[in-house]
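Novice: I'll drop the sequence and a predicted model, then ask my questions.
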Amino acid sequence: MRPYIIGIFLFRRDIMDEKVVLSLCEEIKAKFEGVDTLNKLNDLKQEYMGKKGIITEYQNGIKDAEDKKTYGMNLNKVRNAFDELYNAKLEELETLELNKKLESEKIDITLPGTEIPMGAPNILERVIEEVEDLFMSMGYDVYDGPEVEDDKYNFELLNIPKGHPARDAQDTFYIEGNEKLLRSQTSAVQARVMLEHKGEEPIRMICPGRTYRRDEDDATHSHNFTQIEGLLVEKKDISLSDLKGTFDVLAKKLFGENCVTRFRPSYYQFTEPSVETDVSCFACNGKGCSLCKNTGWLTISGAGMVHPNVLRMCGYDPEVWRGFAFGFGAERCAMLKYGINDIRTFYNADLREVGSFDRKEDI
Ligand SMILES: [Zn+2]
């Protein structure tokens, strides 16, 4: 058996009497006192309880002991003493580490939080949704259509044949030759829906969507803008007064209950007769102000009775069916309603501006 030297004492691993117990216990106690980190504690455990640890070697020495029972009992005393000191030290050091960690990660709950800016719905979307809700409550369906459109739907079926001067005012972007273009009006969707219904069913529809014109962008013009158009086709005797009533409801919804409306004669290729529709200025109640250029009226949309040619080309017999159509720009509506004086505001995605519209809505 290899002797083991601690200090000046020479121990044999097959002797475990009271003296050895005492000496080992004192030695262990002293060593624990010098431990101040979990790493050192682990090293100490290895030194005594590891594969080649002191207590482990004593354990192995039991086979050579004369009185195995006493040896075992005494060794247990040493091991228990070690375990007790080890557990106490472990708890002490863990508490210490935890406190240190808590101290370093301390959160000052009195500090102001990080403000996350709130988004707001796009103002155009809000106007569109408002109009959609209103018309759906009156039994209208909402339709969508392609933004890249055929010349046929965008112009020809709407009574604007090739070479017609009205095309100049709606010059758009052509994709392929003269046939594929970015739609200059959402009326193309109306033509599609009429053809879909094959001249047999009545139609109540609105079709909000993006449209394109070859306009130079400035405060009031944009090459891309949003139209909201509607169409009603019925067998009954639909007249301008039905259109007036419908427009009245729309105007009141958008600009308030006090709003009154008027029609002025106008000209469009796809309606006959055609009108321009005005609402009384909501800023001055019709008295005259800078918003309405002292006229007391704001022009909102164009409308009229669907032209017999359009009905016929889209499969409806004008002798049996009649209808009205209207259209207006969502941007113009939103600009008037929210006091916006530059159309580009809608497209620049500036959250500060979007947020300010949001607040206006709450007032
Ligand atoms: Zn006014």
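Specialist: Cool, the structure landed.
Novice: What helices and strands are in contact with the longest helix seen in the chain?
Specialist: The longest helix of the chain (DSSP state H) is helix 68-104. Applying 3 or more C-beta pairs under 8 Å, 6 or more residues apart in numbering; DSSP states H and E, we find helix 68-104 packed against helix 18-33, helix 38-49, helix 54-61. Just so you know, the C-beta spots here come from the backbone N, C-alpha and C atoms, and that holds for glycine as well.
Novice: Now do the same contact list for the nearest residue to R322 once chain neighbours are set aside.
Specialist: Nearest non-adjacent residue to R322, counting by C-beta to C-beta, 6 or more residues apart in numbering: I238, 4.4 Å away. Residues near I238 by C-beta atoms under 8 Å, 6 or more residues apart in numbering: L232, M305, R322, G323, F324.
Novice: Turn the helices and strands packed on helix 68-104 into CSV, columns for mean neighbour count, distance to the ion and mean pLDDT.
Specialist: Formatted as CSV, the helices and strands packed on helix 68-104 follow (neighbours: other C-beta atoms under 10 Å; distance: least, C-beta to the ion, whole Å; pLDDT from 0 to 100):
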stretch, mean neighbour count, distance to the ion, mean pLDDT
helix 18-33, 15, 90, 90
helix 38-49, 16, 79, 93
helix 54-61, 18, 98, 88
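Novice: Next secondary structure element downstream of the longest helix of the chain?
Specialist: Using DSSP states H and E, the helix or strand that directly follows helix 68-104 along the chain is helix 123-137.
Novice: Which strands and helices lie in contact with that following helix?
Specialist: For helix 123-137, the packing partners by 3+ C-beta pairs under 8 Å, 6+ apart come out as strand 141-142, strand 203-206, strand 224-234, helix 240-255, helix 330-338, helix 351-362.
Novice: Please work out the angle formed by the directions of that helix and helix 330-338.
Specialist: Relative orientation of helix 123-137 with respect to helix 330-338: 100 degrees, computed using axes from the mean of the first three to the mean of the last three C-alpha atoms, to 10 degrees.
Novice: tell me how far helix 123-137 is from the chain's mean position?
Specialist: 19 Å (C-alpha atoms, centre = their mean, to the nearest Å).
Novice: quick one, it and helix 240-255 angle?
Specialist: 140 degrees.
Novice: How is the residue of the stretch 101-250 of the chain at minimum distance from the ion assigned, secondary-structure-wise?
Specialist: Closest residue of the stretch 101-250 of the chain to the ion, C-beta to the ion: T220 (17.4 Å). Under DSSP: H, G, I helix; E, B strand; the rest coil, the three-state class of T220 is coil.
Novice: List the residues that contact it.
Specialist: I343.
Novice: Could you do L243 as well?
Specialist: Contact analysis of L243 by C-beta under 8 Å, 6+ apart lists V275, A303, G304, M305, F324, F326.
Novice: what's the answer for K152, then?
Specialist: With contact taken as C-beta under 8 Å, 6+ apart, K152 is in contact with E179.
Novice: same thing with the one 3 residues further on?
Specialist: Contacts were defined as C-beta under 8 Å, 6+ apart; by that measure F155 touches P161, K162, H164, R167, Q170.
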